[in-house]
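K.L.:
Below are the sequence and a predicted model for it; my questions follow.
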2 protein chains.
Amino acid sequence: MTPLEYLKKTEKKRMTELFQFLRFPSVSAKSEHKKDMRECAGWLKSHLSAIGFKSRVYPTGGHPVVYAEYTSSKQAPTILYYGHYDVQPPEPLELWKSGPFAPEVREGYIYARGVADDKGQTFCHIKGLEAVLKSTGSLPINVKMLIEGEEEVASENLTAFIRKNRQMLKCEVAVISDTAQFGHEYPAVTFGLRGVAFVEVSVYGPNRDVHSGSFGGAIANPINVLAGMIAQLHDKNGKIAIPGFYKDVKPITKWEKTQFRRLPFNEANYKKALGVPALHGEKGFSTFERAWSRPTCDVNGIKGGYQGEGGKTIVPSVASCKITMRLVPNQNPNDICNKAERYLRKIAPKSVRVQVIKHGGATPVVVPTDGPWLDAAARAIKTGFGKAPVFMKEGGSIPIVADFKKILEINTVLIGFSQHNDNVHSPNERLRLKDFERGCKTGAAIPDEFAKVEV
Amino acid sequence: MTPLEYLKKTEKKRMTELFQFLRFPSVSAKSEHKKDMRECAGWLKSHLSAIGFKSRVYPTGGHPVVYAEYTSSKQAPTILYYGHYDVQPPEPLELWKSGPFAPEVREGYIYARGVADDKGQTFCHIKGLEAVLKSTGSLPINVKMLIEGEEEVASENLTAFIRKNRQMLKCEVAVISDTAQFGHEYPAVTFGLRGVAFVEVSVYGPNRDVHSGSFGGAIANPINVLAGMIAQLHDKNGKIAIPGFYKDVKPITKWEKTQFRRLPFNEANYKKALGVPALHGEKGFSTFERAWSRPTCDVNGIKGGYQGEGGKTIVPSVASCKITMRLVPNQNPNDICNKAERYLRKIAPKSVRVQVIKHGGATPVVVPTDGPWLDAAARAIKTGFGKAPVFMKEGGSIPIVADFKKILEINTVLIGFSQHNDNVHSPNERLRLKDFERGCKTGAAIPDEFAKVEV
């Protein structure tokens, strides 16, 4: 029996098991679900043990980590699978068509909280590995599996866990399925994530809001000043004007440009979906390049003075804003925070006081595109989906990937099985049955393909 | 008996009457005081009648107007006195040392809500006119007195009243005492007020807040865009960059510059009082010129995106701000609103949608400084205070003054008897006894001095 035949034969049982997994209301954000979290971790451990993994539940300062291992041979590569069994709170409940923890199949979709993010996607790998193990009697790779319970609450205890268990987690590469495909019928390998650097800036003027009739024109207005400073963050070509900002930025490779050009892009639809009259960004780059491979500087929020109805004629005492900069290899969040602070202080006039709070951020990551892991992942996807994947990047950050790079010194291959419109973090979260099946098949193809990589 | 001897003789009675006036809790903002308002107006009418005025209470859509007249002769000039008998709410009550409507003299000050703003100051004129009338048997001027009850609630019904009673209110000049002196021992004539023009600007980007990781860099950020637009409101010399903004601005006269230079100004104290590290404004102008005689463009409030604690990585859907421009003669609020809108739309990039709400505003006013009324007022102040006044302007707007100019086609002389630190609109509002007495003396000197003006 081949792994694919095993998957076909066990289809019904597999769905029953997935539904068991989905029924745990494993909401990490709410203390009332602490017991559910523990029970879900326990179920997962038992399930992995039953398949043939050596598995264990590790307590942490918060919700427990489930860890499982399978040892094949010293010669075989070791793959670290990462996933999370915790889910977002399901509220607002009244918008769900079926209960968030009462999984149901409707019109080709499985509906349940966590089915896409991330229980269902993680389960694809578990079931894929099981298929190989049960049909062939062994795995051609060493497997380490780390399934945490705090991804939706910022993985508070995971970095410490990885640091503490560096030796145990030693591996050649990590695989994560916690992202989406590029689109329907566009399975994808995501080979890079932007990082982020966060600063908060406050500009202080008079020691209280003062009458703009009496003092307007004679003292600096903190809002006008802050606006002027924000305006100086970009030049007229959309380039970021902070000195040294691009110093460590690696140019986009020819290979990468080719991959992005291959992706379908309909500007009219893109604009329509966002409701913007025109696109806007750094001169000389395409939209995918701007969103995935170039750094940015966005103000996420601003406030100052009177914001209520009508008018209030004041020169406000303070204006402040939150700025995040998306980073690309090899920019460093702390270095960028320092450069931003230096520049903001330099361009501020003497007539105000400036406060800059630097929050650091997440390191950008990229998987070497000339390495063998991406090729292996692509072959596995082709087996699973019957179609070669596209290569894309993701503009956001997944901090765990940077931790793997920093602490374990490994790259991560991101293979998303869900879709962008699967209502992740929203009511009626779903995963296409077809995507779940193809995910399991991809999961079953990974061991062979990754085993081919010479390490 | 001279008017000044009359004032001296009636000092005690005058204080008793002022206290009667101050005891009415004539808070126009609160409907529970509707009866108090009516009683206060009635008391005022009777008081003016008893002195020798023909007086009447006019109902309006809101609180009544008290109107009084004295006819001297056809040859005499007609002076319109304006004041208001309504007061600000007294809260927070616990901060008052004596009851807001239980007037009390302590350490040379009369304490009561409304004693400075504006019952006490209005009473100076009433008592001054009484002194002339009772000591000499007549007044050398025609008097029209308009004392409204809605100044603290934006004079909602007064413009209509003035428009309707244009003929009745016909006069040569208006006198208002509802401002402050320049400082202790610096009695002042205020010969100009800035106007104001108000616009609200909103910049719309994506149709919802979107993830700044996924879309940042590829679409315009409404906060960054709005900041850029605000930054372009001024040039590097602090001049306003809106095309045509200065077209109607009259240059500051040599006489005006001289008056301002005569005023004491301590930059260190000014900065310290406001808590600013340095002053800031239009190049080539002094602080008084910037605050009183030059137009401004201040953002009074701004908001957009996430303003709570911590961070939220979004490109916000919208950012908006409130902008007021202080105007000087001969700028027109509607014209300036139109120019601002045109400019803001012009400098906005195509990647956003811009909404501009134009609220219009108040017309700037100035009393001709080469006219005879200022001289007459200065002579009266010299008699009352024993010291010549300084000539100053005020950076804020008093809309009624613009109404007088527009509807009655007259100028207004502003003579303030109170001080900037008399706690107007705050607990423990007060008026120096000495200032009240000198105000009454000035009030008694005005008829003779204004009668000398040839019309």
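P.N.:
It's in. Numbers count the residues shown, from 1 in each chain, chains lettered A, B, ... in the order given.

K.L.:
which SSE is the residue of the stretch 51-200 of chain A found nearest chain B in?
P.N.:
Using Cβ to the nearest Cβ, the single residue of the stretch 51-200 of chain A nearest to chain B is residue A:198, 5.3 Å away. Yep, even glycine has a C-beta here, placed from its N, CA and C like the rest. Here residue A:198 sits within strand A:195-204, counting by DSSP states H and E.

K.L.:
just to revisit the earlier point, give the closest residue to the residue of the stretch 51-200 of chain A closest to chain B in space, chain neighbours not counted.
P.N.:
Nearest residue to residue A:198 in three dimensions, chain neighbours excluded: residue A:359, at 4.0 Å (Cβ to Cβ, 6 or more residues apart in numbering or on different chains).

K.L.:
For the one you found, what are phi and psi?
P.N.:
phi -100, psi 0 (degrees, to the nearest 10).

K.L.:
wait, it sits on residue A:199?
P.N.:
Yes - the criterion here is Cβ atoms under 8 Å, and residue A:359 meets it with residue A:199 at 6.7 Å.

K.L.:
Give me the more crowded residue out of these two.
P.N.:
residue A:199 (23 against 16; other Cβ atoms under 10 Å in any protein chain shown).

K.L.:
Tell me, what's the model's pLDDT at that one?
P.N.:
Residue A:199 is assigned a predicted lDDT (pLDDT) of 97.

K.L.:
neighbouring strands for the one helix or strand in chain A whose mean pLDDT sits lowest, and are they parallel or not?
P.N.:
Within chain A, no helix or strand scores below strand A:365-366, which has a mean of 86 by mean pLDDT, DSSP states H and E. Strands that pair with strand A:365-366, judged by DSSP bridges, come out as strand A:188-193 (antiparallel).

K.L.:
Buried residues in the strand it pairs with, which are they?
P.N.:
For strand A:188-193, the neighbour count (16 or more other Cβ atoms under 10 Å in any protein chain shown) marks A:188, A:189, A:190, A:191, A:192, A:193 as buried.

K.L.:
List the contacts of that strand.
P.N.:
Residues from elsewhere that reach strand A:188-193 (Cβ atoms under 8 Å, 6 or more residues apart in numbering or on different chains): A:179-182, A:292-293, A:328-329, A:364-367, A:369, A:374, A:377-378, A:381, A:389-394, A:396-398, A:401-402, A:413-416.

K.L.:
Go through these and flag which are in strands.
P.N.:
Judged by DSSP state E, those include A:365, A:366, A:390, A:391, A:392, A:393, A:394, A:413, A:414, A:415, A:416 as members of strands.

K.L.:
Closest one of the residues you listed to chain B?
P.N.:
So of these, ranked by how close each gets to chain B (Cβ to the nearest Cβ), first place is residue A:394, at 7.3 Å.

K.L.:
Dump stretch A:278-287 to CSV, restricted to CA.
P.N.:
The C-alpha coordinates for stretch A:278-287 follow below in CSV (Å, rounded to 0.1, in the frame of the first residue of the first chain):
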residue,chain,number,x,y,z
ALA,A,278,-4.7,54.4,-7.3
LEU,A,279,-1.7,52.4,-6.1
HIS,A,280,1.2,54.2,-4.5
GLY,A,281,4.7,53.2,-3.5
GLU,A,282,8.4,53.3,-4.0
LYS,A,283,9.3,54.3,-7.6
GLY,A,284,10.8,51.6,-9.7
PHE,A,285,9.2,48.6,-8.0
SER,A,286,6.2,46.4,-8.7
THR,A,287,3.3,46.0,-6.2
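
K.L.:
Please state the mean pLDDT value computed over that stretch.
P.N.:
Stretch A:278-287 shows a mean pLDDT of 97.

K.L.:
Please identify the buried residues of it?
P.N.:
Residues A:279, A:280, A:281, A:282, A:285, A:286, A:287 are the ones in stretch A:278-287 that count as buried (16+ other Cβ under 10 Å).

K.L.:
now, which of the residues you listed lie close to chain B?
P.N.:
Here is what survives when the buried residues of stretch A:278-287 are matched to chain B using Cβ under 8 Å from any Cβ of the partner chain: A:279, A:280, A:281, A:282, A:287.

K.L.:
Looking at those residues, which one is closest to chain B?
P.N.:
Nearest to chain B among those is residue A:280, at 3.6 Å by Cβ to the nearest Cβ.

K.L.:
any weak-confidence spans in chain A?
P.N.:
For chain A, no stretch is flagged by pLDDT under 70.

K.L.:
What residue spans form the domains of it?
P.N.:
For chain A, the domain assignment from automatic domain parsing gives the residue ranges A:3-193+A:364-451, A:195-249+A:295-362.

K.L.:
Now do the first one: distance to the chain's middle.
P.N.:
Spelled out, it's domain A:3-193+A:364-451. Taking Cα atoms, centre = their mean, to the nearest Å, the mean C-alpha location of domain A:3-193+A:364-451 is offset from the chain mean by 13 Å.

K.L.:
State the distance spanning the first to the last residue of it.
P.N.:
Across its full length, domain A:3-193+A:364-451 reaches 15 Å end to end, with Cα to Cα, to the nearest Å as the criterion.

K.L.:
now swap in the last one and tell me
P.N.:
In terms of Cα to Cα, the two terminal residues of domain A:195-249+A:295-362 are separated by 5 Å.

K.L.:
Equivalent analysis for stretch A:319-335, please.
P.N.:
Taking Cα to Cα, stretch A:319-335 runs 25 Å from one end to the other.

K.L.:
Can you name the residues that contact residue A:383?
P.N.:
Shown in contact with residue A:383 (Cβ under 8 Å, 6+ apart): A:441, A:442, A:445, A:449.

K.L.:
That one is in what secondary structure piece?
P.N.:
Going by DSSP H and E, residue A:383 is in helix A:372-385.

K.L.:
Of all the residues in that helix, which ones are buried?
P.N.:
Residues of helix A:372-385 classed as buried: A:372-374, A:376-385 (neighbour count, 16+ other Cβ under 10 Å).

K.L.:
what is the orientation angle of it with strand A:188-193?
P.N.:
150 degrees (axes from the mean of the first three to the mean of the last three Cα atoms, to 10 degrees).

K.L.:
can you tell me which residues contact the residue nearest the centre of chain A?
P.N.:
The C-alpha lying nearest the average C-alpha coordinate of chain A belongs to residue A:398 (Cα atoms, centre = their mean; 3.7 Å). Listed by Cβ under 8 Å, 6+ apart, the contact set of residue A:398 reads A:176, A:178, A:179, A:193, A:414.

K.L.:
Could you pull up the residues touching the spatially closest residue to residue A:159 that is not a sequence neighbour?
P.N.:
Leaving aside its chain neighbours, residue A:159 sits nearest to residue A:403 (5.4 Å; criterion: Cβ to Cβ, 6+ apart). Counting by Cβ under 8 Å, 6+ apart, residue A:403 touches A:158, A:159, A:162.

K.L.:
What of residue A:408?
P.N.:
Residue A:408 sits next to A:80, A:162, A:166, A:169, A:170, A:171, A:174 when contact means Cβ under 8 Å, 6+ apart.

K.L.:
let's see it at 10 Å
P.N.:
Neighbour list for residue A:408: A:80, A:162, A:163, A:165, A:166, A:169, A:170, A:171, A:172, A:173, A:174 [criterion: Cβ atoms under 10 Å, 6 or more residues apart in numbering or on different chains].

K.L.:
what do you get for residue A:274?
P.N.:
Contact analysis of residue A:274 by Cβ under 10 Å, 6+ apart lists B:205, B:206, B:207, B:208, B:210, B:215, B:218, B:219, B:315, B:317.

K.L.:
Going through those, which ones are buried?
P.N.:
Listed as buried from the contacts of residue A:274 are B:205, B:206, B:210, B:215, B:218, B:219, B:315, B:317; burial here means 16+ other Cβ under 10 Å.

K.L.:
distance of the spatially closest residue to the fourth one that is not a sequence neighbour from residue A:189?
P.N.:
Counting by Cβ to Cβ, 6+ apart, residue B:215 lies nearest to residue B:315, which is 5.5 Å off, once chain neighbours are set aside. With distances defined as Cβ to Cβ, to the nearest Å, the gap from residue B:315 to residue A:189 amounts to 26 Å.
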